[in-house]
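# Return a 3D structure for these sequence lines:
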Amino acid sequence: MTPNRTRSIRGPRAISQLLVHPLVYLLVAAMAGILLAALMTGNLSARYVKALIGGIFFLFLIRLPLFAVVGLFLVIFAFPTYIYLGNTNVIFVLFMLVAWGVRVRLEKEPIPPKTFLDYAAWCYLAVHVLSLVNVESSENAIKGIQQIQFLGAAVALYFLISKVVRTERHLRLILYALTASSVLVSITGVMEYIVPTFRLIPDWFIAAGPAGKRLAEGGRVGGVFGFHGLLADFCAILFILQLYLFIRLRNVVVRFALAVLMFAGGFQIFVTANRGGFVVWVIGLLYMAWIGRGALTLRRILVALPLILLIGFGLGLFVEEYNEAITLFLRISTTQFERGVPDTRVVVWREVMAEIPNHLWIGHGPYYDLRGGTDKIGGRAWPHSAYLFYLWSTGVIGLAVFLWILVKVFFKSYPGGKLRLGRVSFAQGAMAVAHIQILQFALAQIRDEHQRGNVYPYLMWALFGIAVAARRIHREANRAERDSGS
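Prediction:
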């Protein structure tokens, strides 16, 4: 027996075993330390950083369960970069899809369940492919195909989340991962406000690059997204998740960290001076209070409401005192409307709507060319409305598909009213959070577009996936409880 055991120890190992050996992780940690030192001293090659990130992700893909790898992706999805193969978000999602297919084939993952949104997701991709028919130049056709790649990877993320996340344990990890992502995003946003010229994540690393003027250039805080509207929306939407975890968790240190994170999110909404982000933030909080009103008492309302108002007023005064550019309350108080349309949207919406009838049914194609136009900063302005963007790019058919998805997932994810969010099952609470976030997202898209850049589609489809997975887990738990009771 001893010789056999010796041979098994000293004999050749499979590549997968070697890759997950503890010494490999020590080597990666050492490389990370060297690269961090090089980053701090400025002697750093971009390709080494990107190679290290890809290598770490590949190791985790081999070593960890697939739902944990999806969670890892949700931590870093807001920071995509380009390598010679393409966009890292697209590549990582493709790797996860392949790994999922192999594991299902080897029966290491169960056969994925069908969901109520599967057919609609395929239709969403189909209308974008169909819109390529009306693209007017080969250059825009190539860029349109690239846009479909980004959107297709985001839809693939939905399939991964909705089918791989099968238990409350899986669901917890996914929500914790999104919270970790919001920590990274908040660090970049707050740091930009404190030191406008400093880039914690260099612009050369981020695939999309800044989508507007930076604070140091006379613009507003945009954080890693490079655009104040997307940062404000992200903070408003993730605030609901952070508040839910604050209600659920009992660890004092964790709750304090979540409180700091929520304060940072609210702070960024104020320093972006973005009216839409502030509105969807307030609506999300009010709707969450309505759904969770089972735990509300008059005493809690009398304590919480003045505290919230005081914090909001204090943030407003702080920003007004130290921000030399624009303040949130000033923008809200000076908002004007022209026939029900905010004055800042009249011109751009009129220009987009004038072009829509040219290709009314299937649109102009996925790529929106910013060259030309009459925007005051030069070139063409974004549509500043996801709904108009879909109507322009994919026509009436594409907009109808998007509305079908939004309405379906919103009503299907309704968790019931008068809940006690601290006492219901975690899955039902997560379903409530996703339900509220989808409402916030839908409202935010009236005056902004998630199609800008290549990050926000992942957030949108991740929220859809979480809503679907939480709903299924909650329903299966209820079914098992009824069966055990009978």
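# tell me the SS of Gly416?
coil (DSSP: H, G, I helix; E, B strand; the rest coil).
# Leaving out the residues flanking it, which one is nearest to it?
Computed as Cβ to Cβ, 6 or more residues apart in numbering, the closest residue to Gly416 that is not its neighbour in sequence is Gln428, at 7.6 Å. Every residue, glycine included, has its C-beta placed from N, CA and C.
# For the one you found, list the residues it contacts.
Applying Cβ atoms under 8 Å, 6 or more residues apart in numbering, we find Gln428 in contact with Pro415, Gly416, Leu419, Ala470, His474.
# Which helix or strand contains it?
helix 426-444 (DSSP states H and E).
# now the helix or strand just after that helix and helix 426-444, what's the angle there?
Downstream of helix 426-444, the next assigned helix or strand under DSSP H and E is helix 456-485. Our comparison of helix 456-485 with helix 426-444, counting by axes from the mean of the first three to the mean of the last three Cα atoms, to 10 degrees, yields an angle of 150 degrees.
# could you list every residue that touches the closest residue to Leu97 other than its chain neighbours?
Of all residues not flanking Leu97 in the chain, Ala156 sits nearest, at 5.6 Å (Cβ to Cβ, 6+ apart). Residues near Ala156 by Cβ under 8 Å, 6+ apart: Val93, Leu94, Met96, Leu97.
# closest to Leu403 among those residues?
Comparing the contacts of Ala156 against Leu403 with Cβ to Cβ picks out Val93 as the nearest, at 25.1 Å.
# Could you figure out how far the helix or strand that contains that closest one is turned away from helix 456-485?
Assigning secondary structure by DSSP H and E places Val93 in helix 88-105. Following the same axes, to 10 degrees, one obtains 30 degrees for the angle between helix 88-105 and helix 456-485.
# by contact count, what packs against helix 88-105?
With contacts defined as 3 or more Cβ pairs under 8 Å, 6 or more residues apart in numbering; DSSP states H and E, the packing partners of helix 88-105 are helix 46-63, helix 66-76, helix 138-164.
# Export the first one to PDB, keeping only CA atoms.
Put plainly, it is helix 46-63. Extracted in PDB, the C-alpha atoms of helix 46-63 (Å, rounded to 0.1, in the frame of the first residue of the first chain):
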ATOM      1  CA  ALA A  46      -1.000  48.300 -18.200                       C
ATOM      2  CA  ARG A  47      -0.700  44.800 -19.800                       C
ATOM      3  CA  TYR A  48       0.700  43.300 -16.500                       C
ATOM      4  CA  VAL A  49      -2.200  44.600 -14.500                       C
ATOM      5  CA  LYS A  50      -4.700  43.300 -17.000                       C
ATOM      6  CA  ALA A  51      -2.900  39.900 -17.200                       C
ATOM      7  CA  LEU A  52      -3.000  39.500 -13.400                       C
ATOM      8  CA  ILE A  53      -6.700  40.300 -13.200                       C
ATOM      9  CA  GLY A  54      -7.500  37.800 -16.000                       C
ATOM     10  CA  GLY A  55      -5.300  35.200 -14.400                       C
ATOM     11  CA  ILE A  56      -6.900  35.500 -11.000                       C
ATOM     12  CA  PHE A  57     -10.400  35.300 -12.500                       C
ATOM     13  CA  PHE A  58      -9.400  32.200 -14.500                       C
ATOM     14  CA  LEU A  59      -8.100  30.600 -11.300                       C
ATOM     15  CA  PHE A  60     -11.300  31.300  -9.400                       C
ATOM     16  CA  LEU A  61     -13.300  30.000 -12.400                       C
ATOM     17  CA  ILE A  62     -11.600  26.700 -12.000                       C
ATOM     18  CA  ARG A  63     -11.600  26.500  -8.300                       C
END
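# Show me what counts as buried in that helix.
Using 16 or more other Cβ atoms under 10 Å as the test for burial, helix 46-63 gives Val49, Lys50, Ile53, Gly54, Ile56, Phe57, Leu61.
# ok, now stretch 243-258?
Result for stretch 243-258 [16+ other Cβ under 10 Å]: buried residues Leu243, Tyr244, Leu245, Phe246, Ile247, Arg248, Ala257, Leu258.
# ok, back up a step: any idea which helix or strand comes after the helix holding Val93?
Taking DSSP H and E, what comes next after helix 88-105 is helix 118-131.
# List the contacts of that next one.
With Cβ under 8 Å, 6+ apart, helix 118-131 has contacts from 144, 147-148, 151-152, 155, 158-159, 362-366, 393-395, 397-398, 401-402, 404-405, 408.
# Can you tell me which of the residues you listed are buried?
144, 147-148, 151-152, 155, 158-159, 362-366, 393-395, 397-398, 401-402, 405.
# where does the chain dip in pLDDT?
Low-confidence segments of the chain, defined by pLDDT under 70: 1-49, 84-85, 197-219, 295-347, 371-379, 453, 485-486.
# what domains does the record give for it?
With domains defined by automatic domain parsing, the chain comprises 14-111, 112-485.
# and the last one, how far from the chain's centre?
Between the mean C-alpha point of domain 112-485 and the mean C-alpha point of its chain there is a distance of 7 Å (Cα atoms, centre = their mean, to the nearest Å).
# can I get the CA coordinates of stretch 242-253 in CSV?
The C-alpha trace of stretch 242-253 is given here as CSV (Å, rounded to 0.1, in the frame of the first residue of the first chain):
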residue,chain,number,x,y,z
GLN,A,242,-27.6,48.4,1.5
LEU,A,243,-30.5,49.4,3.6
TYR,A,244,-32.1,46.0,3.3
LEU,A,245,-28.9,44.3,4.5
PHE,A,246,-28.6,46.9,7.3
ILE,A,247,-32.1,45.8,8.5
ARG,A,248,-31.3,42.1,8.2
LEU,A,249,-27.8,41.8,9.6
ARG,A,250,-27.1,41.9,13.3
ASN,A,251,-23.3,42.2,13.4
VAL,A,252,-22.5,45.7,14.8
VAL,A,253,-19.4,46.2,12.8
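# ok, the contacts of Gln428 vs Leu238, which is closest?
Nearest member of these to Leu238, counting by Cβ to Cβ, is Ala470, at 16.2 Å.
# Tell me who's in contact with the closest one.
Leu171, Ser413, Ala427, Gln428, Ala430, Met431, Ala434.
# Farthest pair within these?
Leu171 and Ser413 (13.3 Å).
# so how far is the first residue of stretch 355-363 from its last?
10 Å (Cα to Cα, to the nearest Å).
# Mind listing what's buried along it?
For stretch 355-363, a neighbour-count test (16+ other Cβ under 10 Å) marks Ile356, His359, Ile362, Gly363 as buried.
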